[in-house]
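Participant: Would you be able to build a 3D model of this:
(chains A and B)
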Number of protein chains: 2
Amino acid sequence: MANNNFRLIHNCSHSGARVAELATPHGIVPTPVFLPVGSQATVKTLTPEELRDIDVPIVLANTYHLYLRPGIALIEKMGGLHKFMAWDRAILTDSGGYQIFSLAPLRRVSDEGVTFRSHIDGSEHFITPELIIQFQESLGADIIMVLDECPAYGVSLEKVQEATDRTRRWAERCQKVQKRSDQALYAIVQGGVFPQLRQQSAGYLTSLGFAGYAIGGLSIGEPKEVTWAMVEETVTLLPEDKPRYLMGVGSPEDLLEGIARGVDMFDSALPTRVARNGALFTWHGRCNIRNTVFSQMEEPIVLGCDCYTCRTFSAAYLHHLFSREELLGYRLATIHNLNFINSLMRKARDAIRDGTFSSFKDSFLSNYKATDEQVRLSQKQKWLKSRRQANN
Amino acid sequence: MANNNFRLIHNCSHSGARVAELATPHGIVPTPVFLPVGSQATVKTLTPEELRDIDVPIVLANTYHLYLRPGIALIEKMGGLHKFMAWDRAILTDSGGYQIFSLAPLRRVSDEGVTFRSHIDGSEHFITPELIIQFQESLGADIIMVLDECPAYGVSLEKVQEATDRTRRWAERCQKVQKRSDQALYAIVQGGVFPQLRQQSAGYLTSLGFAGYAIGGLSIGEPKEVTWAMVEETVTLLPEDKPRYLMGVGSPEDLLEGIARGVDMFDSALPTRVARNGALFTWHGRCNIRNTVFSQMEEPIVLGCDCYTCRTFSAAYLHHLFSREELLGYRLATIHNLNFINSLMRKARDAIRDGTFSSFKDSFLSNYKATDEQVRLSQKQKWLKSRRQANN
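Facilitator: The predicted structure is shown next:
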């Protein structure tokens, strides 16, 4: 199978869901797939061995973060990103567009590129679509992303139109300067919450022909029904034979909703971030390990769970680690949550192949108590605000 | 070999150093040995598997910490400390004497026992020598310690005399109430920096006959020459055929000095604590991984080091993790430091067996730049002060 080939294996007859395989220079990635986030060249708290134990086939790293620290040239000198972080499976690097437009203060955008200040030390930087491709070619990930402009939720149609048009022009420039043939370049569909802009964006980008298509600018604070309406709007305009990647989505319930709409790839810091806050996934919903109900629980958090944490430790021990703020707790929770998500994706793939995806999804969702919509939105707002100050 | 048997294998002909084996219900511990500190039933940042990979045969946990959180009864209900923390090798529990006298505010000591307030929530507690043995029998460690009174450095002879006498009476009471025969009970020699009190303490405790003898009340802020004078004073009074355990010592140079004076066991939070501050052991001394000289270093921290960290990652990657305050960095540094100390102990054992310990020690010390004495004392003072506020 040629590198970066996307091979469709099975389409669900009751939904848009599909199973496929994505060939990369660092192994085959079965889809639908969830990419754990390792912005700083580390999936927080875990070693590469632990990710392999969970059977994670691909992780995401971030060009924006790595450009600021430790610097692109340094990682290139160290033999590239795979070697630097000692990860021999696939990597996708995000371009940093979203980070520049959500993290960096005092940015100025022009058609040429974007000037921004580092959220770490305030230093000024100017980057262009051409530079972002050059950076990602130096890092050497298997999948790289175009530079996009991602307007915040709530911005006017005129502003979003402008950003969407610029994203289209930038995507074309990225495509033109790409030199390495072993990296797959994905475009990013923008258009905010405006169907006509999503259509324009998807139409133009697919006419250029990319190796894959991301759906960007969603899951940034808008209500869920808007997210799904925009995903549906966009997916129908994307080619069947290319991977579709919904950026920033990662809760169990949303992953299944995305899969049902024909999405193949997802990434989100949510499973790892909430793990460090003590929120662990179970088949009934998230539980908070700090809750005193767990202080005496001899069983693991999820009975029968095959992750290292549940195979080895009681919920009471995990509760103890969190109550003492022991660093081992953050690791064990992260392992559990990533294993949970990875298992969910495997079960989803199996169900699609078996023609039982719809009932699998219904059954999962009827057991799983998702986080309340209002709570979710207010948490998201708080988080977006906090990460503008601190580092993600 | 019977449980808790101590079998002398070889005595160094040029120094007091000796090699032995300590049989415990959870495996043979080769001595001299260093015990990593896991006060809260976790060696900070590491899993039991990682400790096994480093080939750590025994760890220390703390009765004081575990009594306060999560509670002795809870750990007993969970099947004991080994099961709770998923560690199937040997454990030594410290009695908590040192912690009560250094961490807990507002303590009142009487012959009956000690009343103190929790450093966590201020709640009042009263414990006795009898209770401390009962607690340690519930926890189920392989080696348990008597309750001792540990006066701070700088206290008058009269006060230290009083504490030493009380420690003797408490040791006798501990011995009397011990029920489990599978646990080895060690006495703790006190006496501060006063040779005559050390003599009295050692003489009395050895006359009672314990499974092992700890040297307590040192490495708490006194100058190094005083530490070693007291160790020498004490060791000569301890029986040849029982293990000698110097509490609170753990820098590479001090371990070799202790071994040369006939000490078999050591514990200290130093190797793991300084690791989390970015100080990594090398054969030339500690280096600070945050230093920019490491930012471009493709080699591991210690060339040829067989630890997971050095086998897998460059110094530059470790520097990056520390500069971004990534939790993985604290783990990788902890693995390296514990492996370094464990290797040093193995090399020391080999050298004692080969009759080359003195030259091994001289050669190590001539290469290894120890932390400056003034810097060391002021760091120690700062640390002792900070842990009175925060939790260790």
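Participant: mean confidence for stretch A:256-266?
Facilitator: For stretch A:256-266, mean pLDDT rounds to 98.
Participant: And the contacts of it?
Facilitator: The contact list for stretch A:256-266, computed with C-beta atoms under 8 Å, 6 or more residues apart in numbering or on different chains, reads A:12, A:15-18, A:20, A:22, A:31-35, A:212, A:215, A:228, A:231-232, A:235, A:243-247, A:249-250, A:255, A:344, A:348, A:352, A:357-358, A:361, A:364-365. For the C-beta atoms, the positions are set from N, CA and C on the backbone; glycine is no exception.
Participant: Return the subset of those residues lying in helices.
Facilitator: Applying DSSP state H to those, the entries found in helices are A:228, A:231-232, A:235, A:255, A:344, A:348, A:352, A:357-358, A:361, A:364-365.
Participant: Which parts of the stretch 201-350 of chain A are helices?
Facilitator: A:224-235, A:252-260, A:270-276, A:308-312, A:315-323, A:327-354 (DSSP state H, counting those that start in this stretch).
Participant: can you redo these as CSV with mean neighbour count?
Facilitator: Compiled in CSV, the helices of the stretch 201-350 of chain A are given as follows (neighbours: other C-beta atoms under 10 Å in any protein chain shown):
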stretch, mean neighbour count
helix A:224-235, 18
helix A:252-260, 23
helix A:270-276, 22
helix A:308-312, 19
helix A:315-323, 24
helix A:327-354, 22
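Participant: Quick one: closest of those helices to residue B:80.
Facilitator: With distances scored as C-beta to C-beta, the stretch of the helices of the stretch 201-350 of chain A nearest to residue B:80 is helix A:315-323 (12.3 Å).
Participant: Now tell me what touches that closest one from outside.
Facilitator: Here helix A:315-323 makes contact (C-beta under 8 Å, 6+ apart) with A:278, A:280, A:289-292, A:294-301, A:309, A:326, A:328-329, A:332-333, B:40-42, B:69-70, B:74, B:78, B:84-86.
Participant: and the angle from it to helix A:327-354?
Facilitator: 120 degrees (axes from the mean of the first three to the mean of the last three C-alpha atoms, to 10 degrees).
Participant: Export helix A:315-323 to PDB, keeping only CA atoms.
Facilitator: Provided in PDB are the C-alpha atoms of helix A:315-323 (Å, rounded to 0.1, in the frame of the first residue of the first chain):
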ATOM      1  CA  ALA A 315     -10.300   3.100  42.600                       C
ATOM      2  CA  ALA A 316      -9.400   3.700  46.300                       C
ATOM      3  CA  TYR A 317      -5.700   3.900  45.400                       C
ATOM      4  CA  LEU A 318      -6.400   6.300  42.600                       C
ATOM      5  CA  HIS A 319      -8.600   8.400  44.800                       C
ATOM      6  CA  HIS A 320      -5.800   8.500  47.400                       C
ATOM      7  CA  LEU A 321      -3.300   9.600  44.700                       C
ATOM      8  CA  PHE A 322      -5.600  12.400  43.600                       C
ATOM      9  CA  SER A 323      -6.400  13.500  47.100                       C
END
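Participant: If you average the pLDDT over it, what comes out?
Facilitator: Rounded mean pLDDT across helix A:315-323 is 98.
Participant: returning to what we had before: which one of the helices of the stretch 201-350 of chain A lies nearest to residue A:197?
Facilitator: Of the helices of the stretch 201-350 of chain A, nearest to residue A:197 by C-beta to C-beta is helix A:224-235, at 9.7 Å.
Participant: where's that closest one relative to the chain centroid, distance-wise?
Facilitator: Using C-alpha atoms, centre = their mean, to the nearest Å, the mean C-alpha position of helix A:224-235 is found 17 Å from that of the whole chain.
Participant: One more: stretch A:168-185?
Facilitator: The answer for stretch A:168-185 is 20 Å, by C-alpha atoms, centre = their mean.
Participant: pretty sure residue A:375 is in a helix, no?
Facilitator: Yes. Under DSSP: H, G, I helix; E, B strand; the rest coil, residue A:375 sits within a helix.
Participant: any idea how far it lies from residue A:286?
Facilitator: Residue A:375 is 11 Å from residue A:286, where distance means C-beta to C-beta, to the nearest Å.
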